[in-house]
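Enquirer: what follows is a protein structure lacking sequence information:
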């Protein structure tokens with residue numbers, strides 16, 4: 001009985017070997033035909049792998065690979081030598097796009113042709129419908145072959161139906177680029193505000209869209225002990241015609257996106273290994289982005305030149321002083337972009353004259369009032385002549401500096417608050433966030449007293465009672481948003497000038513997470529929030545939408 005089974009197995013093996021060989025030959029022919037007809041090419045490694053798996057004496061597992069391909073060694077600090085973290089250069093990563101076919105590829109001969117086209121002879125005179133294809137109207141016996149007939153028919157069709165302009169416009173790739181967006185003059189702004197009715201309190205018409213960074217999300221990890229988790233800051237390009245959003249992450253990367261509410265295509269990624277990011281700010285001109293964090297230096301990314309430039313060496317002196325800034329995340333550009341105010345230590349503020357792209361910035365003034373304490377935040381007046389500095393021993397004093405005279409014009413205190421964290425202003429309002437948000441009218445802060453007197457806010461927004469991480473005013477001055485990253489789902493939107501919270505949003509089911517930063521787009525049609533999970537949530541404000 002065993003000998004019978006053995007003979008059957010040998011017979012089966014002898015019969016199956018030719019069938020395997022025949023099947024493999026058929027598959028090879030199919031692949032070859034497919035590549036000829038459709039131009040597809042099977043990767044070499046894939047073909048080798050298929051041959052290895054289909055052979056009778058195949059090696060299992062990874063036996064077909066070379067020894068050098070099995071392992072890679074990634075040792076800590078390998079290849080860096082004695083290079084410090086601060087000396088690591090930033091890198092730029094562009095998204096992978098499908099390149100447009102070259103002209104040479106388009107001129108490639110067809111893989112198949114009908115030999116009958118060469119033998120066909122057609123008389124253009126005998127067929128009335130073909131007489132219009134004749135090149136010589138007086139030639140009654142003009143004839144042509146099949147290929148020439150196809151060419152004349154195609155030329156006639158293109159003459160009757162010219163190629164539209166949009167079909168002739170050749171793009172540099174399927175994905176948008178920052179260079180193309182900056183050169184665009186197409187307006188993406190909604191209708192002028194004068195024709196839009198004022199926003200009413202109570203109900204906010206809002207719709208969630210696809211996450212802004214869904215195609216290139218930020219990791220939820222941080223790469224330094226003093227860095228943040230997930231998305232640490234958001235920055236919109238200041239022009240409503242350029243819908244570019246910069247997303248700074250705790251993974252030391254800044255990702256740029258073209259925000260359209262549908263695809264939100266990624267534009268590029270900056271990897272800055274030497275800088276734990278905390279803040280990203282567009283220059284008011286929109287020509288560059290300032291990247292800062294918990295280091296005494298910054299980087300600027302020039303959008304037109306596509307270059308990342310480090311700040312000048314020893315910008316704040318060859319040796320640090322007790323008042324020199326050790327972290328540049330608390331900063332503010334003047335409205336015209338000529339000056340950059342940077343918070344230092346012991347209540348000192350450095351004013352940097354902003355050169356071309358920030359590569360040759362120079363400290364032109366240091367503002368010292370002698371009050372001590374820390375500087376919590378900075379804002380500029382609309383005309384750039386005054387600088388508001390929040391700080392003091394209790395973090396509740398605001399000094400208003402005359403930049404031209406380098407002197408304090410007036411002081412005032414944030415009422416019923418302690419330990420101010422964030423200060424933001426708009427054309428009509430100033431908001432200071434601690435555990436709550438106090439809202440002031442700018443007109444009430446225009447006194448000339450140098451005594452730090454408490455000013456009564458016209459509204460205290462007390463829905464959030466944990467430390468405020470971000471405040472943002474809508475460009476229309478009709479909405480103010482505040483967020484706290486201490487707990488999940490801590491975000492609130494308020495109507496201005498009533499100061500009433502919108503009751504319908506956010507709801508308990510809105511997946512906000514721990515919100516680190518909140519920003520409105522410069523046109524006002526979008527609201528964005530960045531959380532510790534690395535997601536940038538995007539909403540459309542229907543009252544300000546383009547199609548309204």
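Expert: Ah, there it is. Because the structure is predicted, anything quoted here is derived from the model rather than measured. Numbers count the residues shown, from 1 in each chain.
Enquirer: ok so residue 408 is a strand residue?
Expert: Yes: according to DSSP: H, G, I helix; E, B strand; the rest coil, the state of residue 408 is that of a strand.
Enquirer: who's in contact with it?
Expert: Listed by CB atoms under 8 Å, 6 or more residues apart in numbering, the contact set of residue 408 reads 369, 399-402, 450. Just so you know, the C-beta spots here come from the backbone N, C-alpha and C atoms, and that holds for glycine as well.
Enquirer: any idea how far residue 91 is from it?
Expert: According to CB to CB, to the nearest Å, residue 408 and residue 91 sit 44 Å apart.
Enquirer: ok so, going back, are any of the contacts of residue 408 buried, and if so which?
Expert: 369, 399-401 (16 or more other CB atoms under 10 Å).
Enquirer: show me the strands in the stretch 201-350 of the chain, by range?
Expert: Here the stretch 201-350 of the chain has its strands, by DSSP state E, counting those that start in this stretch, at 206-208, 231-236, 244-249, 253-258, 265-271, 277-282, 288-293, 299-302, 307-310, 331-333, 339-343, 349-353.
Enquirer: which of the contacts of residue 408 fall in strands?
Expert: 399-402 (DSSP state E).
Enquirer: list just the nearest of the residues you listed to residue 331.
Expert: Closest approach to residue 331 among these (CB to CB): residue 401, at 15.1 Å.
Enquirer: wait, isn't the closest one in contact with residue 391?
Expert: No: if you go by CB atoms under 8 Å, residue 401 and residue 391 don't touch, sitting 11.9 Å apart.
Enquirer: quick one, phi psi at residue 390?
Expert: Backbone torsions of residue 390, given as degrees, to the nearest 10, read phi -90, psi 130.
Enquirer: list the contacts of it.
Expert: Each residue near residue 390 by CB under 8 Å, 6+ apart is listed here: 375-378, 397-398, 414, 420, 423, 432.
Enquirer: then residue 255?
Expert: Contacts of residue 255 (CB under 8 Å, 6+ apart): 213, 216, 218, 246-247, 249, 266, 268-270.
Enquirer: how about 10 Å then?
Expert: When contacts are counted by CB atoms under 10 Å, 6 or more residues apart in numbering, residue 255 touches 93, 95, 212-213, 215-218, 231, 245-249, 266-271, 536.
Enquirer: quick check: which ranges of the stretch 201-350 of the chain have low pLDDT?
Expert: Residues of the stretch 201-350 of the chain meeting the criterion pLDDT under 70: 221-228, 318.
Enquirer: nearest spatial neighbour of residue 460, chain-adjacent residues omitted?
Expert: Closest residue in space to residue 460, ignoring its immediate chain neighbours: residue 438 at 5.4 Å, by CB to CB, 6 or more residues apart in numbering.
Enquirer: Provide a list of residues in contact with the one you found.
Expert: 396, 414-417, 420, 430-432, 455-462.
Enquirer: narrow these to those in strands?
Expert: 414, 430-432, 455, 459-461.
Enquirer: of these, grab the buried ones for PyMOL.
Expert: In PyMOL, this line selects whichever of the ones in strands among the contacts of residue 438 come out buried by 16+ other CB under 10 Å:
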select buried, resi 414+430+431+432+455+459+461
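Enquirer: farthest pair within the ones in strands among the contacts of residue 438?
Expert: Using CB to CB, the ones in strands among the contacts of residue 438 span at most 16.0 Å, a distance reached by 455 and 461.
Enquirer: adjacent strands (with direction) for the helix or strand containing residue 374?
Expert: Using DSSP states H and E, residue 374 maps to strand 374-380. Within its sheet, and counting by DSSP bridges, strand 374-380 is paired with strand 386-392 (antiparallel).
Enquirer: burial measure for residue 534, as a count.
Expert: For residue 534, the tally of surrounding residues (other CB atoms under 10 Å) stands at 20.
Enquirer: I figured it hits residue 248, correct?
Expert: No: counting by CB atoms under 10 Å, residue 534 sits too far from residue 248 to count as a contact (11.4 Å).
Enquirer: any residues in contact with both of these two?
Expert: In terms of CB under 10 Å, 6+ apart, residue 534 and residue 248 are both contacted by the residues 218, 231.
Enquirer: residue 369: what's it in contact with?
Expert: Contacts of residue 369 (CB under 10 Å, 6+ apart): 347-349, 389, 391-392, 397, 399, 401, 407-408, 411.
Enquirer: hang on, the earlier thing: reformat the ones in strands among the contacts of residue 438 as JSON lines; add pLDDT.
Expert: Below are those laid out as JSON lines (pLDDT from 0 to 100):
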{"residue": "414", "pLDDT": "86"}
{"residue": "430", "pLDDT": "96"}
{"residue": "431", "pLDDT": "96"}
{"residue": "432", "pLDDT": "95"}
{"residue": "455", "pLDDT": "87"}
{"residue": "459", "pLDDT": "94"}
{"residue": "460", "pLDDT": "94"}
{"residue": "461", "pLDDT": "95"}
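Enquirer: from the ones in strands among the contacts of residue 438, which is closest to residue 280?
Expert: Among the ones in strands among the contacts of residue 438, residue 431 lies closest to residue 280 (CB to CB), at 20.9 Å.
Enquirer: can you list the domain ranges for the chain.
Expert: What automatic domain parsing lists as the domains of the chain is 17-65, 193-544.
Enquirer: what's the closest of the ones you listed to residue 132?
Expert: domain 17-65 (34.4 Å).
Enquirer: quick revisit: hey, what's the residue nearest to residue 460 bridged with?
Expert: Beta-bridge partners recorded for residue 438 (DSSP bridges): residue 432, residue 460.
Enquirer: state the number of residues packed around the residue nearest to residue 495 when sequence neighbours are not counted.
Expert: Leaving aside its chain neighbours, residue 495 sits nearest to residue 201 (3.9 Å; criterion: CB to CB, 6+ apart). Residues contacting residue 201 under the criterion other CB under 10 Å number 17.
Enquirer: equivalent analysis for the one 5 residues further on, please.
Expert: By the other CB under 10 Å criterion, the neighbourhood of residue 206 contains 17 residues.
Enquirer: thinking again about what came up before, which one of the contacts of residue 408 is nearest residue 256?
Expert: Nearest to residue 256, judged by CB to CB, of these is residue 401 at 33.8 Å.
Enquirer: circling back: and which of the contacts of residue 408 is nearest residue 354?
Expert: residue 401 (17.6 Å).
Enquirer: residue 379 is in contact with that closest one, correct?
Expert: No: counting by CB under 10 Å, residue 401 stays clear of residue 379, with 11.2 Å between them.
Enquirer: name the residues contacting each of those two.
Expert: 341, 386-389.
Enquirer: quick check: the two most widely separated of these?
Expert: Of all the pairs that those form, the one spanning the most space (CB to CB) is 341 and 386, at 11.0 Å.
Enquirer: ok, residue 198 touching residue 479?
Expert: No: using CB under 10 Å, residue 198 is not in contact with residue 479; the gap is 11.6 Å.
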